[in-house]
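Novice: I need the structure of the sequence given here:
(one chain, ligands or ions: 1)
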Amino acid sequence: MADLKLVLQAVADTGGVDSLELASKLNTDHQKVVGAVKSLQSHEDLIKVEQRQSKRWDITEEGKEVVANGSHEARVYQVVPEEGITQAQIMSSVPNAKIGFSKAMSAKWIKMDKKAEGGPKVFRSADTIEDKVQLCLLKIQNLQLEDVPQDQRAELKKRKLISEVKVTSYFISKGDKFSLTVAKADVDLTPEMISSGSWKTKTFKPYNFDALGIQPPSGHLHPLLKVRAEYRQIFLEMGFSEMPTNNFVESSFWNFDALFQPQKHPARDAHDTFFVSDPANAQIFEEDYRQRVEKVHSEGGYGSLGYKCEWKTEEAKKNLLRTHTTAVSARMLYKTAQANSLPVKLFSIDRVFRNENLDATHLAEFHQIEGVVADRGLTLGDLMGVIHAFFLKLGITKLRFKPAYNPYTEPSMEIFSYHEGLKKWVEIGNSGVFRPEMLLPMGLPPDVAVIAWGLSLERPTMIKYGINNIRDLIGPRVNLQMVHDNPMCRLEKSRTAS
Ligand code: PHE
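Specialist: Numbering: from 1, shown residues only. A predicted model of the protein is given here:
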């Protein structure tokens, strides 16, 4: 960019100047002057600029050679000596001799004598010549364009010795707020400028509404989130509401005790569960409920014998990273009992933590998908029916149930589906009917049954996106390009699902 001050000075001196003219005056490139003009234009009313179109004649490479050595015809004339020369000799001694020869012939500078001694020869027929082509080109080079007649110019153009170029230049004159100095315009209006009032005297750079702006960086959903969105959609279609799962830290009470899981259960060992050291303990929960939980564990009740061993509040208070989202389901069922807001259909999809040995398919944290239905008179048949409807929406029709054990459900069933690719039955989830020892202390009416099922989010995601090692899906080894490239999740949902 040319010096802004020099441009302004030139405008002040002349009252108005063309950018091309200014470029040659400043002995600089035209584009640099144009750059300065554009920059000055961003200052409101500093200069007036008017765009101009003009034509310019440029001398071609061939034309430049003519300027230096004379026209092709003049060079032919020059090599013809007094005693004559053969045409072949001319051809081999002058560049562009073919054109030069015919032009020199028609200008009658040379002639051909076919009857000359020793065969046809070329002789000079003019004593002196004037190389007009070279002279015209020199004038054009010296910008004395008016001295070159129109027909000459056309001829030079036809001979491709000159070419016409269109040039855009700018006529620059003073604007209403013209000055010789440019104040650096402010770009940002700051809180300080507003509170001090200094903004009043500042000049701000005008908005450029034509600017394309910075390309906004776009994010990409991780495959787990894509699959989660699909499962959420299925639950929502089935009329389930989402449970608030935004607490990774849970008390042992909600994670285990409320679920009638004995305090001596091996899962409550630090080998299986991450306990939290700070804060190590949870707040006291509702006392009446705590007492009912203590009683059903230690003495039994509601027709149950209980575990017949001491139940300690200290143990229930211990904070941990929840090992399953069923802890949230327990909280929600307790709330439902207090609000007497039956029936309810609830679901959650969120993270859980287990102190497990890590391998290709297991990490210390994963996601659970869980569905819970509470209503009067629900049976195991209802549970199997709801699970069928749920998996049908995923396009899974062949299901089998296998008796299993959970401390908080009775009966409990593992869910298997027939894998067409593997040609075998694979476990896809766990389910059951919550025990009365869990529900009755919460205050749910005795005729209310709660059915529930759960599965992992990682497993269907790994199958869907063909990922064999869980470390390629979650953790520091994940290739972000994988997240970027993976397509949206489309589950082959059944159309007949209702
Ligand atoms: N909480 C169980 C698990 O962690 C899953 C489950 C949910 C089982 C609901 C029965 C009922 O595997």
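Novice: quick one, what contacts Glu192?
Specialist: Ser198 (CB atoms under 8 Å, 6 or more residues apart in numbering). Quick note: C-beta positions are derived from backbone N, CA and C, even for glycine.
Novice: Now do the SS call for it.
Specialist: Look at Glu192: counting by DSSP: H, G, I helix; E, B strand; the rest coil, its state is helix.
Novice: could you measure it against Lys114, distance?
Specialist: The span separating Glu192 from Lys114 equals 97 Å under the rule CB to CB, to the nearest Å.
Novice: ok, and the closest non-adjacent residue to the residue in the stretch 251-400 of the chain positioned nearest to the ligand?
Specialist: Nearest residue of the stretch 251-400 of the chain to the ligand (CB to the nearest ligand atom) works out as His324 at 3.5 Å. Nearest residue to His324, sequence neighbours excluded (CB to CB, 6 or more residues apart in numbering): Val352, at 5.3 Å.
Novice: Who does that neighbour form a beta bridge with?
Specialist: Per DSSP bridges, the residues bridged to Val352 are Phe366.
Novice: before we move on, back to that, for my notes, confirm the residue of the stretch 251-400 of the chain closest to the ligand occurs in a helix.
Specialist: No. Counting by three-state DSSP, His324 falls outside a helix, being coil.
Novice: Kindly report the residues of this protein close to the ligand.
Specialist: Counting by CB under 6 Å from any ligand atom, the residues of the chain lying close to the ligand are His324, Thr326, Glu370, Asn406, Thr409, Asn430, Ser431, Gly432, Ala452, Trp453, Gly454.
Novice: I'd guessed the residue nearest to His324 sits against Ala364; true?
Specialist: No. Using CB atoms under 8 Å, Val352 is not in contact with Ala364; the gap is 10.0 Å.
Novice: Model confidence for Thr496, exactly?
Specialist: Thr496 is assigned a predicted lDDT (pLDDT) of 43.
Novice: Give me the buried positions along the helix or strand that Leu137 is a member of.
Specialist: Taking DSSP states H and E as the criterion, Leu137 maps to helix 132-141. Residues Val133, Gln134, Cys136, Leu137, Leu138, Ile140 are the ones in helix 132-141 that count as buried (16 or more other CB atoms under 10 Å).
Novice: ditto for stretch 90-100
Specialist: Ile90, Val94, Asn96, Ala97, Gly100.
Novice: Next up, the contacts around the residue of the stretch 251-400 of the chain closest to the ligand.
Specialist: With CB under 8 Å, 6+ apart, His324 has these contacts: Asn255, Val352, Gln368, Glu370, Gly454.
Novice: do Asn479 as well
Specialist: Going by CB under 8 Å, 6+ apart, Asn479 touches Asp472.
Novice: Quick check on it: phi, psi?
Specialist: Phi and psi for Asn479, reported as degrees, to the nearest 10, are phi -80, psi 120.
Novice: Could you identify the helix or strand that succeeds the helix holding Leu137?
Specialist: Toward the C-terminus, helix 132-141 is succeeded by helix 150-158 as the next helix or strand (DSSP H and E).
Novice: about what we covered before: of all the buried residues of helix 132-141, which comes closest to the ligand?
Specialist: Using CB to the nearest ligand atom, Ile140 is the member of those that lies nearest the ligand, at 90.3 Å.
Novice: The nearest residue to the closest one once chain neighbours are set aside pairs with what?
Specialist: The shortest distance from Ile140 to any residue other than its chain neighbours is 5.3 Å, reached at Trp57 (CB to CB, 6+ apart). Counting by DSSP bridges, Trp57 forms beta bridges with Glu164.
Novice: Surely Trp57 and Leu161 touch.
Specialist: No. Here Trp57 does not reach Leu161: they are 10.0 Å apart, not a contact under CB under 8 Å.
Novice: With neighbour numbers in mind, choose between these two.
Specialist: The residue with more neighbours, out of Trp57 and Leu161, is Leu161; 24 against 18, by other CB atoms under 10 Å.
Novice: Name the SS class of the residue nearest to that one when sequence neighbours are not counted, please.
Specialist: For Leu161, ignoring the flanking residues on the chain, the nearest one in space by CB to CB, 6+ apart is Gly63 at 3.7 Å. Classification of Gly63 using three-state DSSP returns helix.
Novice: what about Gly63, how many neighbours?
Specialist: Residues near Gly63, counting by other CB under 10 Å, number 23.
Novice: residue contacts, it?
Specialist: Gly63 touches Leu137, Leu156, Lys160, Leu161, Ile162, counting by CB under 8 Å, 6+ apart.
Novice: mind checking the SS state of Pro445?
Specialist: coil.
Novice: give me every residue that touches it.
Specialist: Listed by CB under 8 Å, 6+ apart, the contact set of Pro445 reads Leu342, Arg376.
Novice: from now on call the first residue 25
Specialist: From this message on, residue numbering opens at 25, which makes the last subject Pro469.
Novice: Got phi/psi on it?
Specialist: Here Pro469 shows phi and psi, under degrees, to the nearest 10, equal to phi -60, psi 150.
Novice: quick one: pLDDT of it?
Specialist: Per the predicted model, pLDDT is 97 at Pro469.
Novice: again with Glu516
Specialist: The model's pLDDT for Glu516 equals 68.
Novice: Mind listing residues that contact stretch 249-256?
Specialist: Residues outside stretch 249-256 that contact it (CB under 8 Å, 6+ apart): 245, 266, 371, 373, 391, 393, 481, 484-485, 488, 510, 512-515.
Novice: Give me the phi and psi for Gly199.
Specialist: phi -90, psi 180.
Novice: what's the neighbour count on the residue nearest to it when sequence neighbours are not counted?
Specialist: Spatial nearest neighbour of Gly199, excluding adjacent residues (CB to CB, 6+ apart): Asp69 at 4.2 Å. As a burial measure, Asp69 scores 11 neighbours (other CB under 10 Å).
Novice: Quick check, Asp69 in contact with Lys198.
Specialist: No. Between Asp69 and Lys198 there is no contact under CB under 8 Å: 9.6 Å.
Novice: Tell me the spacing between the residue nearest to His348 and Gly94.
Specialist: Taken as CB to CB, the span from Val376 to Gly94 is 93 Å.
Novice: cool, and Pro119?
Specialist: The gap separating Pro119 from Gly94 is 11 Å, by CB to CB.
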